[in-house]
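S.K.: Need a 3D model of the following:
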Amino acid sequence: MTDQGWSRRDLLRSAGTGALALAAGSVVYERMSQYVVGVRSDDGVSAAVSVSDTPSFRIDLTDHTPWQLVRGTFSEARTEALRSRDDVAFVQRDHWLETVDTPTSDGDPERTVPWGVDRVGATRLHEVGKTAAGVDIGIVDTGISATHPDLADNLAPPSDAGAHEAWVDCQGDECTQSWSDDAGHGTHVAGTAAAADGGSGTVGVAPDATLHALKVCGGSGGCRTSAAAKAIEHAADNDWDVVNLSLGTPRRSPALQAAGEYALEAGVVPVAAAGNRGRPDSVGYPAAYDEFVGVSATTIDDELAGFSSRGDGVDIAAPGEDVCAPVPDGYESLSGTSMAAPHVTGALAQVIADGVEPSVAADRLRETAEDVGLPATQQGAGLLDVAAALGYEHDGGTGDGVSCPAPGSA
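M.R.: Coordinates of the predicted model:
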């Protein structure tokens, strides 16, 4: 686990990192006294737990990494005392961010094949019966609607222990489960990855994959670094295959890098949105880390979306502008690298279902990506082509374009 230009000690000593935002946009606010502490010994864990002013919790990553993380509330004097310990690698604030989705179009009443799903070749795979059945996808986000007709059949049974988890409260009429989506973002992300092909609504890249809601963001979009790290650990400990994080921060986050390392060692591929800062060298974290597949966003014309972050952390590009997918009360078109990442997540599910080991599945996508003439800092290896990854040709079509079923038509 390394970070460009920083020694491990410098990186892990950095404080104030790790705020998360859904990649469709964010405004930061801080709660100054809550921290994530990275430690390398049980004594360090005990020390952090003993001085927390509120009940703490531990994220044990030692099955696959040297790290244990403790989330707690500490005074300034106690954080300095913790930093002085040789077995404490970092003390970082556990930031919140506010998030905002970006609607981009109204809907039409008919069933829609989203342009991105067709553009990356997924509809060609559906035609030959490739649907990613048996692959498990964790969606680290605002939750997933438990009742949306495009998603209900693909959700892991709620009665199964650990099938879904929530680290924040769900609020509102949509909250039929603790992990339900009270913001809409997670449902949209899940739909792009794995909406079922049921003859109405929309279809995802991997329409028979199993979805797991890992709710770390509330209805206002607030997400904690510690909750996201815990969610990644949960996916790895349950032997799922892919985990999607359509969220990020411009700050380095050693806790998320450690969680990504844990996932990879456990055989789970973590995917992350590159961010919406729209500038060179602006790829956010965790997407910029080597442990994550960092995804930039393209338009229907195969151009880089103007909002998309770009830089060395981009591994691959995928459709991210005017993407139609389910939301709890129907359907909506949204734009963001949040929308690009689940195309890659669904594609990884397809590749893994075809017999490729998770440890090399991302390499397969990079090797078969389509060069659309953009710089590597914008497209990475190229535009996602999941059909080519499984050995099929397709016409590069764009489905029903940017149209979307009418809102409320679910």
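
S.K.: CA atoms for contacts and neighbours, from now on please.
M.R.: Noted.

S.K.: Now do the contacts for the closest residue to Lys130 other than its chain neighbours.
M.R.: Using C-alpha to C-alpha, 6 or more residues apart in numbering and skipping the chain neighbours, the partner closest in space to Lys130 is Gln350 (7.2 Å). Residues in contact with Gln350, defined by C-alpha atoms under 8 Å, 6 or more residues apart in numbering, are 130-132, 205-206, 386.

S.K.: Pull out the buried residues from these.
M.R.: 130-132, 205-206, 386 (16 or more other C-alpha atoms under 10 Å).

S.K.: Mind checking which of those land in helices?
M.R.: For the buried ones among the contacts of Gln350, the ones inside helices are Val386, with DSSP state H as the criterion.

S.K.: Closest one of the buried ones among the contacts of Gln350 to Ser178?
M.R.: Top of the list for closeness to Ser178, among the buried ones among the contacts of Gln350 and by C-alpha to C-alpha, is Ala206 at 25.1 Å.

S.K.: one step back: how about the buried ones among the contacts of Gln350 in JSON lines, adding distance to Pro405 and pLDDT?
M.R.: Converted to JSON lines, the buried ones among the contacts of Gln350 look like this (distance: C-alpha to C-alpha, whole Å; pLDDT from 0 to 100):
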{"residue": "Lys130", "distance to Pro405": "25", "pLDDT": "97"}
{"residue": "Thr131", "distance to Pro405": "22", "pLDDT": "97"}
{"residue": "Ala132", "distance to Pro405": "24", "pLDDT": "98"}
{"residue": "Val205", "distance to Pro405": "18", "pLDDT": "98"}
{"residue": "Ala206", "distance to Pro405": "20", "pLDDT": "98"}
{"residue": "Val386", "distance to Pro405": "25", "pLDDT": "98"}
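
S.K.: Take the buried ones among the contacts of Gln350 and lay them out in a markdown table including distance to Gln171.
M.R.: Formatted as a markdown table, the entries for the buried ones among the contacts of Gln350 read as follows, by distance: C-alpha to C-alpha, whole Å:
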| residue | distance to Gln171 |
| --- | --- |
| Lys130 | 37 |
| Thr131 | 33 |
| Ala132 | 32 |
| Val205 | 29 |
| Ala206 | 29 |
| Val386 | 37 |
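
S.K.: Run a quick neighbour tally on the residue nearest to Leu348 when sequence neighbours are not counted.
M.R.: Excluding its sequence neighbours, the residue lying closest to Leu348 (C-alpha to C-alpha, 6+ apart) is Ala361, at 6.2 Å. Neighbour count of Ala361, defined by other C-alpha atoms under 10 Å: 20.

S.K.: Great, nothing more from me.
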